[in-house]
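Undergrad: Sequence first, then the predicted structure:
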2 protein chains.
Amino acid sequence: MNVVGGDGLMESGALDLVVGVDLGGTNTSVGVVDDSGKLLLQSKFPTRPRESAAGFVARLAAVIHEMTRRLAPGATLRGIGIASPAANGLRGTIESPANLGWGTVNIIAMVRQHFSLPVAITNDANAALLGEQMFGIARGMKNVIMLTLGTGLGAGIAVDGKILQGENGAAGEFGHMTLDPQGRVCGCGRRGCVETYVSASGLRRTVLDLLAERLDESPLRSISFNDLTAETVSRLAKDGDALALEALTITGRHLGRLVADLAAAFDPEAVVLYGGLVNAGEFLVGPARQAFEQHAMKIHRGNVRMLVSSLNNGEAAVLGAGCLVRDLLTGVEAA
Amino acid sequence: MNVVGGDGLMESGALDLVVGVDLGGTNTSVGVVDDSGKLLLQSKFPTRPRESAAGFVARLAAVIHEMTRRLAPGATLRGIGIASPAANGLRGTIESPANLGWGTVNIIAMVRQHFSLPVAITNDANAALLGEQMFGIARGMKNVIMLTLGTGLGAGIAVDGKILQGENGAAGEFGHMTLDPQGRVCGCGRRGCVETYVSASGLRRTVLDLLAERLDESPLRSISFNDLTAETVSRLAKDGDALALEALTITGRHLGRLVADLAAAFDPEAVVLYGGLVNAGEFLVGPARQAFEQHAMKIHRGNVRMLVSSLNNGEAAVLGAGCLVRDLLTGVEAA
C-alpha cells in the first residue's frame, strides 16, 4: 500500500475532510480532500478486473483505514464519494461494468459495511466533470461535455449547469453508441461500440490492426498486447515511430468525429478531454480537431472548443467524487 | 387558399386564440388554437423550397389574415407561434435551413411586419414535443426525445421536464450526426448525415439505390424521383411491393440504430416518432424496433419505449407552436 502526501495534514487539523475514490478499469485512485479542493493524501492501486466486488471493496477499505490513521488529530473523515464506470447515481449501484466482471452491485452498502459514514456514488465521468467545473478548465461553463478516455470511454454532460442523469441515471454512455455495426467486439457483448476505437484499449487494438496490415518495423512489434499500454504508444509517437503516430491519428480522427456528433446533439460550449489517453497530447488532439472541423455542422466549426483537462491526471474524478459526497452532506442536490 | 374548420368558432366567442404555424420543408400547416388545445381552423400550403423568405412570409400572412376574417366576433388572435426546422429559439431566427435556400433570417421581425402581435419561434421538433407533452402520448414524461421524420430529420429533447436548447439554441440536430463518412451528400454540404437515410427524402434515395441495385419489377420503376413521395412508398408497401417494403425496412433499421445511440446518450423514458414518414406504420417501426433491440445497450432493451405520435399528423407542431406563444404571453419560460 502506497499512501502519498501528508505534508499538508498538520495544518489541516480541525478541517472536515472527505474521501474521493476514482474506481477505474485499470487503476483505482483514492484521495483525502479538504473543503478547498486540496488533495492532502493520495493512493493508487490496481483494480484487478477478475477480482470480486467484495474483494475490491476490502482492499479499498484497507487503503482508507490507512489514510485515516495518517490524519492529524482533530481531522475527521465526513464521507466517501465514489466515481466509477457504469455507476448509477440514482440507485447507488454499479451496474454490469463492461471492464469488470461484477454484475450489478450495491457498492454503497458494501462500503458502509466498513465505514459508518455517508457514501455517495456517481459515474466516473460525471465526477470528473464536477471536479473540472469546481476547480478546473470548465469553471463557469453551463453546457459542457466531459469525455473520459481511459480503459473505456465515459462521459459527463452538463446541460444548463445541471448534470444530465437520464431516466435511469445512465445517460452519457457515448462509448456504447455504435461506430461500425460490423466492427470490433465490445466488452458489453455488442460490436463496433465507439469505445472499442476511442479509448486506451481502442488505441491498443488499432496498434494491432496496423501491425497486421503493414510491414514497417517498429518497437511495437516486440511488445505483446497484454504488455502494451497507451503510455507506451504515446512515448513511441514522441520518438517519431510512424506506426505509433498513425495509431494515435486514427484514434484522434474517430474522437473528432464523435465530438462533431455530440456537438450536433447537445450544442455544448466546449468538450473537455480527460483521462490517461489524453497524455498523448497533440498526437491525439491534433487529428481530433481536424476531424471535428471536417465532420461538424457549419455552426459548430471553429466554435465548439475541444479542451484538455487542466487538472493533474486522475485528480478531477477524485476531487469531483469528494464534491459529490460534500454536496450530499450539505443537502445540495447530488449530481 | 384552403382554410378548413370553423364549426367550433361560434362557440369560441370571447376565447383568446393563438396561431400555430408548422413550417415544413415541403408543406406549411397553420392552425388557430384555443386555450384547451383545440384546433378551430386549419390550413396547409406548399412551402416552395426556392421561394424567398419574404415571399413565404407574405403567403403565410395572407393565410392568417383569411383566418382572422373567419373568427367569431369577440374572438381575438393574441399571438403567433412558429415551428420551423433550423429555428433558433434563443435568437428568434431561422438559420440556413438545409431544405430551404434562405440563409439566416429574422423570421419574427418579418412576421411582425404583417401583424402587431407577439411572435415566438422554436425548432419544429421542440414544438412537436411540446404539443405531444401537453396533449399527446408524451403527457407527463420528463425524459423524452421526439424525432420528426419529414423532409429532414429533426429532434426535440426533454431532460428532466425541460427542453434542451444547448449553448446556441441548436441542440437536437441528430439528422446531422454522421452515419457514414463516405455516404450520401447532404443539403448541409457534408456527407453521410443521418437524415440522408432517416427521413422522407432518405427513404426516396434508398428506393433509388434499390432500383439501381436490383432487377425486380415494381411500380416504383415508373415513378421519377421528383414525383416519388414517402406516401407512395408506404402505399405500395401495403400492396405488398417487395422493393417498397425493403426500402422501408432499411430506413427503419437505420432509425432503430439511431434510437439505440440516442438511448445510450440520453437514457430517455421514450422516443416518440412523428412526421409524414411515420404513416408507414409497422413497415417502418417494426424493423426500427428490431434494430433497436439489436443495437441498444442491455439496460435499454425492452425498456426504452419507441412510440408513435398520438396526435393527428401535423397537429403536434401546430399545437406546440401555439403553446409556445401562449407561454410567452403568460410569462412562462419559453422552450
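TA: Alright, I've got the coordinates.
Undergrad: Point out the residues in the stretch 51-200 of chain A that sit beside chain B.
TA: Contacts of the stretch 51-200 of chain A with chain B, taken as Cβ under 8 Å from any Cβ of the partner chain, map to A:95-96, A:142-143, A:159-160, A:162, A:164-174, A:176-178, A:181, A:188-190. C-betas here are computed from N, CA, C, even on glycine.
Undergrad: Contact partners for the residue in the stretch 51-200 of chain A positioned nearest to chain B?
TA: Relative to chain B, the nearest point of the stretch 51-200 of chain A is A:G166 (2.5 Å; Cβ to the nearest Cβ). Counting by Cβ atoms under 8 Å, 6 or more residues apart in numbering or on different chains, A:G166 makes contact with A:G172, B:N143, B:F266, B:D267, B:P268.
Undergrad: Closest approach to chain B from the stretch 201-335 of chain A, which residue is it?
TA: Proximity of the stretch 201-335 of chain A to chain B (Cβ to the nearest Cβ) peaks at A:D267, 2.5 Å away.
Undergrad: Return the per-residue confidence for that residue.
TA: Looking at A:D267, its pLDDT is 97.
Undergrad: secondary structure class for the residue of the stretch 51-200 of chain A closest to chain B?
TA: coil (DSSP: H, G, I helix; E, B strand; the rest coil).
Undergrad: what's the span of stretch A:177-185, first residue to last?
TA: One end of stretch A:177-185 sits 13 Å from the other (Cα to Cα, to the nearest Å).
Undergrad: buried sites along that stretch?
TA: A:M177, A:T178, A:L179, A:R184 (16 or more other Cβ atoms under 10 Å in any protein chain shown).
Undergrad: Show me what the second one is bridged to.
TA: Partner residues in beta bridges with A:T178: A:C193, with DSSP bridges as the criterion.
Undergrad: what kind of secondary structure is A:A158 in?
TA: For A:A158, the assignment made with three-state DSSP gives strand.
Undergrad: ugh, wrong one, I meant A:N226
TA: coil.
Undergrad: Tell me the pLDDT of it.
TA: Here, the pLDDT recorded for A:N226 equals 95.
Undergrad: A:T104 now?
TA: Reported pLDDT for A:T104: 93.
Undergrad: again with the one 4 residues further on
TA: At A:I108, the predicted lDDT confidence score is 95.
Undergrad: quick one: it is in a helix?
TA: Yes: according to three-state DSSP, A:I108 belongs to a helix.
Undergrad: Restricted to buried residues, select the residues of the stretch 51-200 of chain A next to chain B in PyMOL.
TA: Here is the PyMOL command that selects the buried residues among these (16+ other Cβ under 10 Å):
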select buried, chain A and resi 95+96+143+159+164+165+166+167+168+169+170+171+172+173+174+176+177+178+188+190
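Undergrad: What residues sit buried inside the longest helix along chain A?
TA: Taking DSSP state H as the criterion, chain A has its longest helix at helix A:242-266. By neighbour count on 16+ other Cβ under 10 Å, the buried set for helix A:242-266 is A:243-266.
Undergrad: Counting by contacts, list what it packs against.
TA: Here helix A:242-266 touches strand A:144-149, helix A:200-213, helix A:230-238, strand A:270-274, helix A:282-295, helix B:242-266, going by 3 or more Cβ pairs under 8 Å, 6 or more residues apart in numbering or on different chains; DSSP states H and E.
Undergrad: What residue in chain A is the furthest from its centre?
TA: Relative to the centre of chain A, and counting by Cα atoms, centre = their mean, the farthest-placed residue is A:L215 at 34.4 Å.
Undergrad: That one in helix, strand or coil?
TA: Assigned with three-state DSSP, A:L215 falls in the coil class.
Undergrad: Quick check: phi and psi on it?
TA: Per-residue torsions, A:L215: phi -120, psi -10 (degrees, to the nearest 10).
Undergrad: Report the contact partners of it.
TA: Contacts of A:L215 by Cβ under 8 Å, 6+ apart: none found.
Undergrad: quick one: it and A:G256, what's the gap?
TA: As for A:L215, its distance to A:G256 is 28 Å (criterion: Cβ to Cβ, to the nearest Å).
Undergrad: ok so, going back, quick check: angle from the longest helix of chain A to helix B:242-266?
TA: Here the directions of helix A:242-266 and helix B:242-266 differ by 90 degrees (axes from the mean of the first three to the mean of the last three Cα atoms, to 10 degrees).
Undergrad: Low-confidence regions, the stretch 1-150 of chain A specifically.
TA: A:1-15 (pLDDT under 70).
Undergrad: what are the ranges of the strands in it?
TA: A:3-5, A:16-23, A:27-33, A:39-46, A:76-84, A:87-88, A:93-95, A:104-105, A:119-123, A:144-149 (DSSP state E, counting those that start in this stretch).
Undergrad: In terms of secondary structure, what does the third one contact?
TA: Right, strand A:27-33. Short answer (3+ Cβ pairs under 8 Å, 6+ apart): strand A:27-33 packs on strand A:16-23, strand A:39-46, helix A:53-70, helix A:315-330.
Undergrad: Would you reformat those as TSV and include mean neighbour count and distance to A:L284?
TA: Compiled in TSV, the helices and strands packed on strand A:27-33 are given as follows (neighbours: other Cβ atoms under 10 Å in any protein chain shown; distance: least, Cβ to Cβ, whole Å):
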stretch	mean neighbour count	distance to A:L284
strand A:16-23	26	21
strand A:39-46	19	23
helix A:53-70	16	30
helix A:315-330	26	18
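Undergrad: Quick check on the closest residue to A:A58 other than its chain neighbours: phi, psi?
TA: Spatial nearest neighbour of A:A58, chain neighbours left out: A:H114 (7.7 Å); criterion: Cβ to Cβ, 6 or more residues apart in numbering or on different chains. Main-chain dihedrals, A:H114, degrees, to the nearest 10: phi -100, psi -20.
Undergrad: tally of neighbours for A:H114?
TA: When neighbours are counted by other Cβ atoms under 10 Å in any protein chain shown, A:H114 registers 16.
Undergrad: wait, A:L210 sits on A:L248?
TA: No: between A:L210 and A:L248 there is no contact, the gap being 10.7 Å when judged by Cβ atoms under 8 Å.
Undergrad: what sits against A:G55?
TA: A:G55 neighbours (Cβ under 8 Å, 6+ apart): A:R48.
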